[in-house]
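Colleague: Sequence plus predicted model, see below.
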4 protein chains.
Amino acid sequence: MLRGLTRAGLGKIESNEQFIELAAKYGFQAVDIDAVGLVETHTVAGARELLEKNGLVVGSIGLPVEWRSTEEVFREGLPKLAQAAEAAAALGCTSCCTYVLPSTDLGAAHFMALATRRLRTCAQILGAYGIRLGLEFVGPHHLRTRWQNPFIWTIDETLDWIDAIGERNVGLLFDSYHWYTNGGTVADIEKLRVDQIVHVHINDAPDVPVEEVLDNGRVYPGEGVIDLAGFLQGLQRIGYTGAVAQEILTAEAPTDSPESLAERSKAGFDKVYAAAGL
Amino acid sequence: MLRGLTRAGLGKIESNEQFIELAAKYGFQAVDIDAVGLVETHTVAGARELLEKNGLVVGSIGLPVEWRSTEEVFREGLPKLAQAAEAAAALGCTSCCTYVLPSTDLGAAHFMALATRRLRTCAQILGAYGIRLGLEFVGPHHLRTRWQNPFIWTIDETLDWIDAIGERNVGLLFDSYHWYTNGGTVADIEKLRVDQIVHVHINDAPDVPVEEVLDNGRVYPGEGVIDLAGFLQGLQRIGYTGAVAQEILTAEAPTDSPESLAERSKAGFDKVYAAAGL
Amino acid sequence: MLRGLTRAGLGKIESNEQFIELAAKYGFQAVDIDAVGLVETHTVAGARELLEKNGLVVGSIGLPVEWRSTEEVFREGLPKLAQAAEAAAALGCTSCCTYVLPSTDLGAAHFMALATRRLRTCAQILGAYGIRLGLEFVGPHHLRTRWQNPFIWTIDETLDWIDAIGERNVGLLFDSYHWYTNGGTVADIEKLRVDQIVHVHINDAPDVPVEEVLDNGRVYPGEGVIDLAGFLQGLQRIGYTGAVAQEILTAEAPTDSPESLAERSKAGFDKVYAAAGL
Amino acid sequence: MLRGLTRAGLGKIESNEQFIELAAKYGFQAVDIDAVGLVETHTVAGARELLEKNGLVVGSIGLPVEWRSTEEVFREGLPKLAQAAEAAAALGCTSCCTYVLPSTDLGAAHFMALATRRLRTCAQILGAYGIRLGLEFVGPHHLRTRWQNPFIWTIDETLDWIDAIGERNVGLLFDSYHWYTNGGTVADIEKLRVDQIVHVHINDAPDVPVEEVLDNGRVYPGEGVIDLAGFLQGLQRIGYTGAVAQEILTAEAPTDSPESLAERSKAGFDKVYAAAGL
């Protein structure tokens, strides 16, 4: 499993280039990055070289389509999606992810129908480029009632939704934080087939009752109470070999330097990978 | 548009044969009937002859799959569905319908995902026999809160769901009662393409505030307050030529004889068809 | 049914604007035109106004995706498709068409599998904009052996393919020329449901044996031997109300002025519409 | 990887029970068997007990739908498919397979369209029971011209077809015999993702030029020239853990006793598993 980074948790990163260099310097193997931006700045060949030189692959790109709002807003994203998929594919990335909020102000059933169709279209476009779509279920309890109507947040609900979408290239973005806040066990991971996982996030949670864990209250791997050793072992047991990317969302931006935050991230990965025997 | 009957509203009908004869005697052209039962009693050839002799076609069959409950219950219906589709197709019927309750005790979004997948499978099986699947949105207000969570009940929501199901052979069962309780207008009908309609039900509503109309408080066409002339004209204008079947659901079974109820149904159709200029 | 024009058969048209003015001047009601180009030159509002002022709608746009070649070439078209669909939808156009050559140098079965997937993706993207995809079967006999392996060319094969693609918004581009060269009858048209037709082309054929009719040997409606009155009547009978666009492909470009060719086109339409009693 | 048997190659097996006992006696772990027949004779509980007592799982069932002929014949299989899927699921089997002949007397492109739709429907039905559909590409050269038109026979073509079918639960039945006759390499196996493989067959080929290998000229594993060690190692490397079932098709039925043929099969598996280091 590749050690991966997103920008979230690294403080004031100024550029893709800085992000890449920091990731490489601290032993990371994958970055979740804006492929289009990278290709526009460096050309495809240049971006490939930059990544290769730094020993990095692109773990995943974000879905540039807003599928949670109106039809008009959804459509606006489609040309961008084709471009993003093209750029990602050119850089060898095969994963594109989006998160699923656990409540909504729309009618839950109607929104599920709309979202099913919209994400099917996104999956089709991504599929043309050999890219899979990962859906991130979101576990923190406070978000389940943040909007008017409950939507979905469990692994099983999300897998059922993936079946409803019905495209071959859709799976889970599996985040330790959401697994934990859902009350997930290592056995829950081991019930999955590896092809059901598109991408993995790793984050830790503070030592508060699980019902009180906030989505933007994340801590660095190894600094909290989640059984990340079990998490990683479960993923390894089912054969996952892709990227495991940290995404530290916090209420206030960290004030430490990116350098020290990257170092701290490395220490966290060292700790939990060692605990998992990886 | 063919004048059609279901058994609902005809009192104690003893048999398919009695149903068919009554329908024919009172000038109806279509019956919504159990095709499997008819074929089992009469053979395909015999059932065809019986229908033809009485100048009737089969308007629609009911979906013999319970898609609203557990996976096990859903699966149990699938072999029956293939049989029902075969029998219906053998009798020239191209429509199979199911109703959609406007609330549910399940999580609304999760149930929508499950139902989307299940009805897609049903549509695929029906499609192999050239049969379309009609989804009946259900309008009465009391049912929207009858179970814990609101599901869907409007035309637009149902059309969006049909898009999410994504199969070519799925459309609406369009019932005047649900159109009325949804506050539908003739313009709403005229916005539809005819291929979006799989089957039509016609019923009338008593003169009470629309919010108080009960699902099992229906009256015979022409005996209530729904603008059935406008309803029929709207359907005609968009080119609908299929069956329009009466389905009088009442709290208590009618005590009149089937003969007199069929006569009353005919009078109702005569009245509203005349008002519509058909 | 709207009288429609493509540029094919109008000689040296210099611009979209000239095309629109000629179409309007000679009583046409629909133009098959490059929506993206029109919007880029005029803005959406300007293009709408230009069309409206000339009493024209956009009949159909061409599919800007090359689905018959490599995966790379296919992908290149996808961003263009989203843009084209957006432009077309902004102009009120709901139809996008592509032709299907009746033979191929690729393995026929393998190509069918690839093309099924590719056109499904195209249909999904178009569907997000409310646009349907029309597949034009191509009848002239010489093209059936023009490339190494026979593909498909009949109505029934194309309808079966549309079922295999499986999207709700795919149907036929029905061209009188291909209907004729396939040996089609008016009864063949009347067997269709109107929702199976996305767009219509009208062309006439010279008085040569049907096996010798060349794809680029077309003549103006009413100047040849095709039963265009029967063709139009059949379409009307099943309820078709969309555009019927002329597309005169010829071996050598016509040397007459666009003005005189448009006038000749009008005369052709006058003749066959009158013969059809339209 | 589970050692598996089909009846093909075991001579005159009299019953499912004999088949199961022989498989168990000679150390096999999986049988490809008629689940419906087993359940009808033994009940679900009895069949489960019989398998468990003998240390066997059901590797795969055959697809009871004839999708290569007319629409009528196809439909006849659908009720059987639901029953077979139900029986298989009750016995814990998650795989159902069918073979794809490399040539056809039908138009290749048209047949591909029909087969795509039909197998999608089969996959949907199987999917409702948690069962995957495996497509067996068939490699022997003589079959590529056995019927009038070439269809498909390579791994890549079959994977493209699986994409065209578009259902999540469709993959390959990967048979060493067809891999060999296609000129496949171990690298070709290692390019696959494990979720692309639904089931595996293992057979050996006589020492004749590969172009002359006959479909019904198979020999027992280890008695021929196929690199079965490489085959098994490749499968293991990508993480395949399912059944590997022998299917010895021969021109003439073997005359040895089932007992001695099962013993011989065991010897073959011992040899090639050992060579693969399993």
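Modeller: Perfect, I can see it now.

Colleague: Near chain D, which residues of the stretch 151-278 of chain A? Just list them.
Modeller: With CB under 8 Å from any CB of the partner chain as the criterion, the stretch 151-278 of chain A meets chain D at residues A:162-163, A:166-168, A:193-195, A:239. (Glycine included, C-beta is placed from N, CA and C.)

Colleague: Could you list which of these also contact chain B?
Modeller: Restricting those to those touching chain B (CB under 8 Å from any CB) yields A:163, A:166.

Colleague: Could I have the buried ones of the residues of the stretch 151-278 of chain A next to chain D as ChimeraX selection syntax?
Modeller: Of those, the buried ones go into a single ChimeraX selection, burial set by 16 or more other CB atoms under 10 Å in any protein chain shown:
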select /A:162,163,166,167,168,194,195
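
Colleague: Tell me the pLDDT of the residue of chain A found nearest chain D.
Modeller: Using CB to the nearest CB, the closest approach of chain A to chain D is made by A:D195 at 3.4 Å. In this model, A:D195 is scored at 94, pLDDT.

Colleague: Helices of the stretch 51-200 of chain A, start to end?
Modeller: With DSSP state H, counting those that start in this stretch as the criterion, the stretch 51-200 of chain A has helices at A:71-90, A:108-128, A:141-144, A:155-165, A:176-181, A:186-190.

Colleague: do you know which of these lies nearest B:P206?
Modeller: helix A:108-128 (29.2 Å; CB to CB).

Colleague: mean confidence for the closest one?
Modeller: 98.

Colleague: Show me what that helix is packed against.
Modeller: Contacts defined by 3 or more CB pairs under 8 Å, 6 or more residues apart in numbering or on different chains; DSSP states H and E place helix A:108-128 against helix A:71-90, strand A:132-137, helix A:155-165, helix B:108-128, strand B:149-150, helix B:155-165, helix C:71-90, helix C:108-128.

Colleague: Just the buried residues of that helix, please?
Modeller: A:108-128.

Colleague: Same question for stretch A:56-70.
Modeller: A:56-61, A:63-65, A:67-68.

Colleague: now stretch A:247-264
Modeller: A:247-248, A:254, A:258, A:261-262, A:264.

Colleague: Around chain B, pick out the residues from chain A.
Modeller: Going by CB under 8 Å from any CB, the residues of chain A near chain B are A:104, A:107-114, A:116-117, A:120, A:149-152, A:157, A:160-161, A:163-164, A:166.

Colleague: would you list every one of the strands in the stretch 151-278 of chain A?
Modeller: Using DSSP state E, counting those that start in this stretch, the strands of the stretch 151-278 of chain A run over A:170-175, A:197-202, A:243-246.

Colleague: now the last one: mean pLDDT?
Modeller: If I follow you right, that is strand A:243-246. Strand A:243-246 shows a mean pLDDT of 98.

Colleague: Paired strands for that strand, with orientation please.
Modeller: strand A:2-5 (parallel), strand A:197-202 (parallel) (DSSP bridges).

Colleague: Turn those into TSV, including mean neighbour count.
Modeller: TSV is the format used below for the strands paired with strand A:243-246 (neighbours: other CB atoms under 10 Å in any protein chain shown):
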stretch	mean neighbour count
strand A:2-5	24
strand A:197-202	26
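
Colleague: A:E71: neighbour count?
Modeller: A:E71: 13 surrounding residues under other CB atoms under 10 Å in any protein chain shown.

Colleague: Lowest pLDDT pick from the buried residues of stretch A:247-264?
Modeller: Confidence-wise, A:P254 trails the rest of these, at 92.

Colleague: so the residue nearest to it when sequence neighbours are not counted is in which element?
Modeller: Once flanking residues are discounted, A:P254 sits nearest to A:G11: 4.8 Å by CB to CB, 6 or more residues apart in numbering or on different chains. Here A:G11 sits in a region with no helix or strand, counting by DSSP states H and E.

Colleague: I figured A:G11 hits A:S257, correct?
Modeller: Yes - shown here, A:G11 and A:S257 form a contact pair, counting by CB atoms under 8 Å, at 6.5 Å.

Colleague: which residue sits closest to A:R7, ignoring its sequence neighbours?
Modeller: Nearest non-adjacent residue to A:R7, counting by CB to CB, 6+ apart: A:I13, 5.2 Å away.

Colleague: Please name the residues that touch that neighbour.
Modeller: A:7, A:19, A:22, A:258 (CB atoms under 8 Å, 6 or more residues apart in numbering or on different chains).

Colleague: residue contacts, the second one?
Modeller: Contact analysis of A:F19 by CB under 8 Å, 6+ apart lists A:5, A:7, A:10, A:13, A:31, A:33.

Colleague: If we use 7 Å, what do you get?
Modeller: The neighbours of A:F19, taking CB atoms under 7 Å, 6 or more residues apart in numbering or on different chains as the test, are A:7, A:13, A:31, A:33.

Colleague: Alpha carbons of the host helix or strand of it, as CSV, please.
Modeller: In the assignment (DSSP H and E), A:F19 maps to helix A:16-25. The C-alpha coordinates for helix A:16-25 follow below in CSV (Å, rounded to 0.1, in the frame of the first residue of the first chain):
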residue,chain,number,x,y,z
ASN,A,16,1.7,21.7,-6.9
GLU,A,17,5.5,21.7,-7.2
GLN,A,18,6.0,22.3,-3.5
PHE,A,19,3.4,19.6,-2.6
ILE,A,20,5.2,17.1,-4.8
GLU,A,21,8.7,17.9,-3.4
LEU,A,22,7.5,17.7,0.2
ALA,A,23,5.7,14.4,-0.5
ALA,A,24,8.9,13.0,-2.0
LYS,A,25,11.2,14.3,0.6
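
Colleague: Give the buried residues for it.
Modeller: A:16, A:18-24.

Colleague: Same check on stretch A:151-162?
Modeller: Of the residues in stretch A:151-162, A:151-155, A:157-162 count as buried by neighbour count, 16+ other CB under 10 Å.

Colleague: Pull the residues that contact it.
Modeller: For stretch A:151-162, using CB under 7 Å, 6+ apart, the contacting residues are A:100-104, A:108, A:135, A:137-139, A:144, A:170-172, A:182, A:184, A:188, A:196, B:109-110, B:113-114.

Colleague: Specify which member of the buried residues of stretch A:56-70 is nearest to A:G268.
Modeller: Set against A:G268, the nearest of those by CB to CB is A:G59 (16.7 Å).

Colleague: if I read this right, the closest one contacts A:A30, doesn't it?
Modeller: Yes - assessed by CB atoms under 7 Å, A:G59 is found in contact with A:A30 at 3.7 Å.

Colleague: Overlap in contacts, the two.
Modeller: A:2, A:4, A:243, A:245.

Colleague: List the beta-bridge partners for A:V31.
Modeller: Note on A:V31: beta-bridge partners by DSSP bridges are A:L5, A:V58.

Colleague: Quick check: chain neighbours aside, which residue is closest to A:A245?
Modeller: Setting aside the residues directly before and after it, A:A245 is nearest to A:G4 in space (CB to CB, 6+ apart), at 3.3 Å.

Colleague: Report the contact partners of that neighbour.
Modeller: A:28-32, A:59, A:243-246.

Colleague: and with 10 Å instead?
Modeller: By CB atoms under 10 Å, 6 or more residues apart in numbering or on different chains, the contact list for A:G4 reads A:23, A:28-32, A:56-60, A:199-202, A:242-247, A:269.
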